[in-house]
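Enquirer: mind looking at a prediction? Sequence and model below.
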Amino acid sequence: MNSNILGLIISFPFLAVVIAVGILLKRLFSISSESMRKFIHIGVSNWWFIEVNYFTSLGYALLGPIAFIILNSLFTFLGWGKSLGMDDKKRNYGLIYFPITLLILVILQFQGVVSSLFCTISVMIMGYGDGLAALIGAKWGKRKLPLSFASKSYLGSLVMAVVSFIVTFIGLVAFTSVGLPTVVLVSLVVGLLCSAAEAVTPFGLDNITVPFLALLVLEVLL
């Protein structure tokens, strides 16, 4: 079977399962709407591994992000999320920005503008870094950053920095021949800048600023 077709066959059930599990967790365990949102956020970011391993055609690779943009737009603008407590449109915009970012990264990768590895690192930072920062920060982050436009905690920013560092470090060590001192330095820079960007970017726009900042830093420094 054509790997692109197989990629599509895997992609849509995968995305459906992630969303269904998120909704089920909310229904069964009464997790908050924000926790459900971030669970789905983290889960969907793993679609990138399907993209990297199965898609060889740009057209096929774009179908997943395009479908997700349409679905999330309907979810946001038609108020489908109200029954789940997700009626904050400004927060729900992040659900749209996420697949838009994926779409742009797919195009940049297939056009050879940026490396597949750097795209992967950027997506994982966006998914796991931002997602875990929000979950852990909301649960245990008592001290808030002095920002009038966002309720971000010091703990959440620390988690964002640490996860971004770890994701970058693992990616560079495993898939490049860059020396360890350089890997550590670049990972630190990525971690600190992505944490700062996540902290000061409001309205879900960090789903755009964080991954592209990570990508820019990696392309410039390496």
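Expert: It's in.

Enquirer: what sits closest to residue 213 if chain neighbours are left out?
Expert: Leaving aside its chain neighbours, residue 213 sits nearest to residue 197 (5.1 Å; criterion: Cβ to Cβ, 6 or more residues apart in numbering). C-beta here means a position set from N, CA and C on the backbone, and glycine is covered the same way.

Enquirer: against residue 64, how distant is the one you found?
Expert: 25 Å (Cβ to Cβ, to the nearest Å).

Enquirer: residue 132 too?
Expert: Noted for residue 132: a distance of 23 Å to residue 64, by Cβ to Cβ.

Enquirer: looking at residue 197 and residue 64, which one has more neighbours?
Expert: Using other Cβ atoms under 10 Å as the criterion, residue 197 and residue 64 rank with residue 64 on top: 26 against 21.

Enquirer: I'd say that one and residue 11 touch.
Expert: Yes - using Cβ atoms under 8 Å, residue 64 makes contact with residue 11 at a distance of 4.6 Å.

Enquirer: overlap in contacts, the two.
Expert: Shared contacts of residue 64 and residue 11, defined by Cβ atoms under 8 Å, 6 or more residues apart in numbering, are found at 47, 50.

Enquirer: quick check: longest helix of the protein.
Expert: As assigned by DSSP state H, the longest helix anywhere in the chain is helix 3-29.

Enquirer: show me what the mean pLDDT comes to for that one.
Expert: If you average the pLDDT over helix 3-29, you get 91.

Enquirer: which helices and strands does it pack with?
Expert: helix 33-45, helix 47-54, helix 58-77 (3 or more Cβ pairs under 8 Å, 6 or more residues apart in numbering; DSSP states H and E).

Enquirer: contacts for stretch 185-196?
Expert: Contacts to stretch 185-196, defined as Cβ under 8 Å, 6+ apart, come from residues 121, 125, 129, 133, 157-158, 160-166, 168-169, 172, 178, 210, 213-214, 217-218, 221-222.

Enquirer: among these, which ones are buried?
Expert: 121, 125, 129, 133, 157-158, 160-161, 163-166, 168-169, 172, 210, 213-214, 217-218 (16 or more other Cβ atoms under 10 Å).

Enquirer: rewinding a little: from the contacts of stretch 185-196, which land in strands?
Expert: Among those, DSSP state E puts none in strands.

Enquirer: from those residues, which ones fall inside helices?
Expert: If you go by DSSP H, the contacts of stretch 185-196 have 121, 133, 157-158, 160-166, 168-169, 172, 210, 213-214, 217-218, 221 in helices.

Enquirer: low-scoring stretches of this protein, by residue?
Expert: Across the chain, the stretches falling below the confidence threshold (pLDDT under 70) are 79-92, 148-150.

Enquirer: circling back: next, format the helices and strands packed on helix 3-29 as CSV and append distance to residue 202.
Expert: Listed next are those as CSV, based on distance: least, Cβ to Cβ, whole Å:
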stretch, distance to residue 202
helix 33-45, 15
helix 47-54, 25
helix 58-77, 16
